[in-house]
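Q: structure for the following, please:
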Amino acid sequence: MKFRNNVLMATLIGCLSIMTAGILQAQDTPVYLDPGQPVEARVADLLQRMTLDEKIGQMVQADLECVTNHQDIETYGFGSMLSGGNSKPPGENSPANWLSNINELQSWALKTRLKIPLIYGIDAVHGHNDVLGTTIFPHHIGMGATHNPQLIEEADRITAQEVAGTGIRWAFAPCLAVAQDERWGRTYESYGQDPELVSQLGAASIRGFQADSLSTNSNSVLACAKHFIGDGGTENGKDQGNTVCDEATLRKLFLPPYQAAINAGVGSIMVSYSSWNGQKMSGNKYLLTGVLKQELGFNGFLVSDWAAIDQLSPDYKADVETSINAGLDMIMIPNGPEKPNSYLEFIDDLKELVAEGKVPQSRIDDAVSRILRIKFQMGLFENPWTDPALTAQIGSPEHRQVARECVEQSLVLLKDKSHALPLAKDLKHLVVVGRAADDLGIQCGGWTVNWQGQGQLTHGTTILQGIREAISPGTEVTFSPDGTDIANADAVVAVVGEMPYAEYKGDRTNLDLSADDAALVAKAKASGAPVTTILISGRPLILGSALTSSDAFIAAWLPGTEGEGIADVLFGDVKPSGKLPREWPRNSKQFDAQAMHGRPLFPFGYGLTY
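A: Model (predicted):
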């Protein structure tokens with residue numbers, strides 16, 4: 001009996017040892033590395049393992065050009081990096097080179113103690129627009145003219161695939177500004193002046209980027225609704241200016257697209273440079289935390305715009321305190337150690353603020369939890385690398401065909417006197433005038449290759465090329481940029497409009513079509529041939545004599561790389577279907593909806609067909 005008891009005791013001890021070892025092993029294996037665990041459990045487990053330094057590192061988003069020593073990624077544990085408007089990796093501007101460089105940066109992040117991956121961000125606002133060889137879609141204002149959420153979703157699903165194909169998993173898009181004043185240089189980044197339209201198309205864009213919902217799917221790219229809030233309503237259309245209105249107006253006009261974005265599952269929101277009634281948005285705790293996070297239930301993270309917190313005051317440490325306490329979770333920092341307000345200064349200041357009790361540890365933990373939550377949802381810990389199949393599809397004919405459809409549906413026919421359109425494909429002599437007819441840089445506008453645009457694109461079809469491909473072999477096509485060679489034309493196509501610009505550099509006080517463009521259309525009219533004018537612009541312009549001198553007039557916005565889409569409508573292969581996403585002013589005094597007093601030249605939703 002005693003022997004049996006000893007055996008029983010030994011067996012019990014052995015079983016207990018095995019159970020204890022199992023428990024210890026389970027405790028020693030980090031939950032955050034187990035993809036089978038719930039996301040919130042993984043976030044909590046990783047957070048409690050992190051030092052304050054590691055947490056603050058996650059709150060840093062450093063621009064590529066300011067990180068001259070890539071070992072800083074490992075040393076400071078950056079949570080994110082980005083390429084600003086003109087920030088590109090060394091070497092050729094090709095998808096393969098971008099992918100190679102992004103992978104190299106990611107490898108430094110994975111050398112850190114906890115191996116928390118980077119999430120890289122870029123302004124992919126009308127396609128993957130910084131990279132040569134990608135598909136460039138119409139800017140938001142043109143997409144707004146389609147009034148087609150399914151098409152917007154498909155376009156941004158393609159954009160997401162091309163972004164992911166270069167190793168990048170975060171697009172700073174869509175822009176949800178409800179632009180009210182055409183003088184604003186970012187008007188073309190807005191889908192239109194109507195909150196309902198912007199809400200509908202913005203939600204569609206988010207579903208496209210995030211592959212219906214943010215997930216481990218390799219082509220699911222983090223969307224970023226921007227710029228919260230009121231950036232499209234600043235006084236006099238001034239970029240980074242002041243939106244003056246009561247809260248009821250702010251909620252009615254500018255808030256609905258963000259509610260729609262949250263309902264669509266957006267994972268990040270960028271906070272605006274602008275102010276509301278004199279208070280900079282980067283320091284507005286009521287709107288960022290009270291309204292956005294608490295009232296609307298936003299569960300993702302907030303990122304600042306480029307050095308935006310620096311505008312709060314001359315004291316950078318105070319700016320860090322104000323912005324983080326207001327609810328910003330990640331700070332976009334364009335400066336390296338050799339400049340003031342650098343990422344090193346941010347890290348040191350925030351550590352001091354926590355030690356001084358001026359920024360609560362709970363606020364740090366909340367910010368980092370939000371960032372980690374997104375990274376877990378995207379599966380970045382399990383697979384921080386891109387799918388080679390996505391890289392191979394960048395700029396494919398299938399992608400460009402969708403962009404062509406976007407162009408076709410974005411064109412708004414404003415005038416068609418005596419059924420001037422469609423043009424016959426077998427005209428004897430067609431003359432095309434205007435420099436913009438054969439310039440992809442002008443055709444695409446700002447945020448294309450370079451921040452201000454005017455980059456030399458290597459892929460795409462100009463309007464002139466699209467026309468040449470569409471007409472019959474027996475038709476003579478003459479291209480005369482300055483309109484000096486129009487003799488014996490059977491029809492003239494004049495392409496006029498704005499030169500590329502972005503952000504505040506596009507702010508204008510005079511919205512008149514240029515005198516040179518007006519003269520070009522007049523010269524075309526003087527030939528005696530019917531004139532079709534195509535306007536390339538980021539907003540409605542005051543058309544004056546150019547409209548009256550034209551037999552047909554098309555607002556083509558900033559159509560991107562697929563000029564065939566314009567030819568399709570010119571020659572009747574596709575009927576025009578675009579409708580204005582904003583009212584069109586009669587004169588230079590009608591710069592916004594209030595100034596038009598219900599008497600625009602063309603109303604919201606206007607658009608002819610044939």
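Q: in the stretch 1-150 of the chain, what residue spans correspond to strands?
A: 60-63, 80-83, 119-122 (DSSP state E, counting those that start in this stretch).
Q: helices and strands around the first one, which ones?
A: Using 3 or more CB pairs under 8 Å, 6 or more residues apart in numbering; DSSP states H and E as the contact test, the elements touching strand 60-63 are strand 80-83, strand 331-333, helix 343-355. (Each C-beta comes from the backbone N, C-alpha and C, glycine too.)
Q: now do the strands in the stretch 401-550 of the chain.
A: 412-416, 429-433, 476-480, 491-497, 531-536.
Q: flag every buried residue along the third one.
A: Across strand 476-480, burial judged by 16 or more other CB atoms under 10 Å covers Phe479, Ser480.
Q: quick check: which ranges of the protein have low pLDDT?
A: 1-28 (pLDDT under 70).
Q: let's go with 50 and repeat that
A: 1-26 (pLDDT under 50).
Q: hey, which of the helices and strands packed on strand 60-63 is tucked in deepest?
A: Mean neighbour count (mean count of other CB atoms under 10 Å) peaks for strand 331-333 among the helices and strands packed on strand 60-63, with a mean of 26.
Q: quick one: strands adjacent to it?
A: strand 60-63 (parallel) (DSSP bridges).
Q: okay, now Asn450: neighbour count?
A: Per other CB atoms under 10 Å, the neighbour tally for Asn450 reads 18.
Q: enumerate every residue touching the nearest residue to Leu421 once chain neighbours are set aside.
A: Distances taken as CB to CB, 6 or more residues apart in numbering put Ala552 closest to Leu421, at 4.8 Å, once the chain neighbours are dropped. Shown in contact with Ala552 (CB atoms under 8 Å, 6 or more residues apart in numbering): Leu413, Lys415, Asp416, Lys417, Ala420, Leu421, Pro530, Val531, Thr532, Thr533.
Q: kindly report the same for Asp426.
A: Taking CB under 8 Å, 6+ apart as the test, what Asp426 contacts is Ile471, Ser472, Gly474, Thr475.
Q: so Gly460 sits against Gly565, correct?
A: No: using CB atoms under 8 Å, Gly460 is not in contact with Gly565; the gap is 11.3 Å.
Q: what about the two, which has more around it?
A: Neighbour comparison, Gly460 and Gly565: the larger count goes to Gly565, with 29 against 23 (by other CB under 10 Å).
Q: shouldn't that one be within a helix?
A: Yes: under DSSP: H, G, I helix; E, B strand; the rest coil, Gly565 sits within a helix.
Q: surely it is in contact with Cys406?
A: Yes: using CB under 8 Å, Gly565 is in contact with Cys406, at 7.2 Å.
Q: follow-up on the earlier one: ramachandran coordinates for the residue nearest to Leu421?
A: Torsion angles at Ala552 (phi, psi; degrees, to the nearest 10) stand at phi -130, psi 150.
Q: Glu564 versus that one, what's the distance?
A: 19 Å (CB to CB, to the nearest Å).
Q: again with Val495
A: The value you get for Val495 to Glu564, if CB to CB is used, is 15 Å.
Q: ok, back up a step: rebuild the helices and strands packed on strand 60-63 as CSV, extending it with distance to Val569.
A: Formatted as CSV, those follow (distance: least, CB to CB, whole Å):
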stretch, distance to Val569
strand 80-83, 35
strand 331-333, 40
helix 343-355, 48
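Q: quick one, which of the ones you listed is nearest to Ile486?
A: strand 80-83 (44.1 Å; CB to CB).
Q: so what does that closest one touch, helix or strand wise?
A: Going by 3+ CB pairs under 8 Å, 6+ apart, strand 80-83 lies up against strand 60-63, strand 119-122.
Q: could you rerun that using 10 Å?
A: strand 60-63, helix 95-109, strand 119-122, strand 170-171, strand 301-303, strand 331-333 (3 or more CB pairs under 10 Å, 6 or more residues apart in numbering; DSSP states H and E).
Q: who touches the fourth one?
A: Contacts of strand 170-171 with the rest of the structure, by CB atoms under 10 Å, 6 or more residues apart in numbering, involve 61, 80-82, 118-125, 128, 156, 159-160, 162-164, 205, 208-210, 221-224, 267-268, 303, 374, 378.
Q: what's the answer for the fifth one, then?
A: Residues from elsewhere that reach strand 301-303 (CB under 10 Å, 6+ apart): 58-59, 61, 79-80, 82, 121, 170, 172, 222, 224, 226, 228, 267-271, 282, 288-289, 292-293, 323, 326-332, 366-374.
Q: what residues are up against Thr51?
A: Contacts of Thr51 by CB under 10 Å, 6+ apart are Gly57, Gly77, Arg113, Leu114.
Q: ok, Val495 and Glu564, which is more surrounded?
A: Between Val495 and Glu564, counted using other CB under 10 Å, Val495 has the larger neighbour count: 30 against 23.
Q: who's in contact with the more buried one?
A: Neighbours of Val495 in contact, by CB under 10 Å, 6+ apart: 432-439, 442-443, 462-464, 467, 481, 517, 520, 532-536, 554, 556, 563, 566.
Q: try 6 Å
A: Contact partners of Val495, counting by CB atoms under 6 Å, 6 or more residues apart in numbering, are Gly434, Ala436, Ala437, Ile463, Ile534.
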